[in-house]
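K.L.:
sequence plus the predicted model coming up.
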Amino acid sequence: MRIDILTIFPEIFDGPFNHSIIKRAKEKGLAEIHLHNIREYTANKHRRVDDYAYGHGAGMVMTIQPIASLIDTLKSERNYDEIIFLTPDGEVLKQTMSNHLSTLNNLIFLCGHYKGIDQRLREHYITREISIGDYVLTGGELAAAVLADSIVRIIPGVISDETSALSDSFQDGLLSPPVYTRPADYNGWKVPDILLSGNEKAIGNWLIEKSIERTKSRRPDLLDEH
Ligand code: 6GU
């Protein structure tokens, strides 16, 4: 999997991709993440990448030329499965979308800023528009980092314990059950007896029961989806 991220703030990504699971995925050669600074592709002599919105005064809009030049360059080098624009008015990200995207080879993520990007880019280049939830962020960068993380971590081989990604919250439409580790008794706070019983079948049933309980109380909307 190769992800090309188009941004005016490439430094934002220094943190999220250089630690833990995503770092390991890159080291194992399972994921490549390439950052591209949109500003390096502008033909404007003042290096501008934005301009006033036509028709109404409020806010700046990212111009077509630098983004189009950058995407054209990338498309001349390989075929892309999806060109994704991260935007609060996109389709809200769900685990099923990450699962699907993790099966693809080449993705472009375009991070927007200001009041957005010229609509013509959305019509002529973008194949998919994704939001990470109903709240507004300063720009698409943190959303792109979230999307990349959710996709890369489930590429086969990235997480060593194969069953681990499948038992995540949301993978089966339920929240995960509570987890405990040693000690079995912390100053009187005890781990539920059943988890110490060694009875695998009873433990399995208990975990499912707790998952359902948690989902019912916290996210009843997930149960409605079934
Ligand atoms: Cl993708 N971008 C911005 N700016 N805000 C968001 C978002 C994206 N998703 C949720 N909020």
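P.N.:
Nice, I can see it. Numbering: from 1, shown residues only.
K.L.:
can you classify the most centrally placed residue in the chain as helix, strand or coil?
P.N.:
Central residue of the chain (Cα atoms, centre = their mean): Leu147, 1.0 Å from the mean position. At Leu147, secondary structure determined by DSSP: H, G, I helix; E, B strand; the rest coil is helix.
K.L.:
spell out which parts of this structure neighbour the ligand.
P.N.:
Proximity of the chain to the ligand is confined to Leu86, Thr87, Pro88, Ser131, Ile132, Gly133, Tyr135, Val136, Leu137, Gly139, Gly140, Ala143 under the rule Cβ under 6 Å from any ligand atom. Placement of C-beta: from N, CA and C, glycine included.
K.L.:
show me these that map onto strands.
P.N.:
The subset of these located in strands under the criterion DSSP state E comprises Leu86, Thr87, Pro88, Ser131.
K.L.:
max-length helix in the protein?
P.N.:
Looking across the chain with DSSP state H, the single longest helix is helix 200-218.
K.L.:
for that one, name the packing helices and strands.
P.N.:
In terms of contacts (3 or more Cβ pairs under 8 Å, 6 or more residues apart in numbering; DSSP states H and E), helix 200-218 is packed against helix 193-196, helix 220-224.
K.L.:
mind checking pLDDT for the residue nearest to the centre of the chain?
P.N.:
The predicted local confidence for Leu147 comes out at a pLDDT of 98.
K.L.:
rewinding a little: what does the longest helix of the chain contact?
P.N.:
Under the contact criterion Cβ atoms under 8 Å, 6 or more residues apart in numbering, helix 200-218 has outside partners Leu174, Leu175, Ser176, Pro177, Pro178, Pro192, Ile194, Leu195, Ser197, Leu222, Leu223.
K.L.:
how about the contacts made by the fourth one?
P.N.:
The one in question is Pro177. With Cβ under 8 Å, 6+ apart, Pro177 has these contacts: Trp206, Leu207, Ile208, Lys210, Ser211, Arg214.
K.L.:
grab the nearest non-local neighbour of it.
P.N.:
Distances taken as Cβ to Cβ, 6 or more residues apart in numbering place Lys210 nearest to Pro177, at 3.8 Å, with adjacent residues excluded.
K.L.:
related to what we said a few turns ago, and the two most separated of the ones in strands among the residues of the chain next to the ligand?
P.N.:
In terms of Cβ to Cβ, these reach their longest pairwise distance at Leu86 and Pro88, which sit 8.7 Å apart.
K.L.:
counting neighbours, what do you get for Ala58?
P.N.:
When neighbours are defined as other Cβ atoms under 10 Å, Ala58 has 7 of them.
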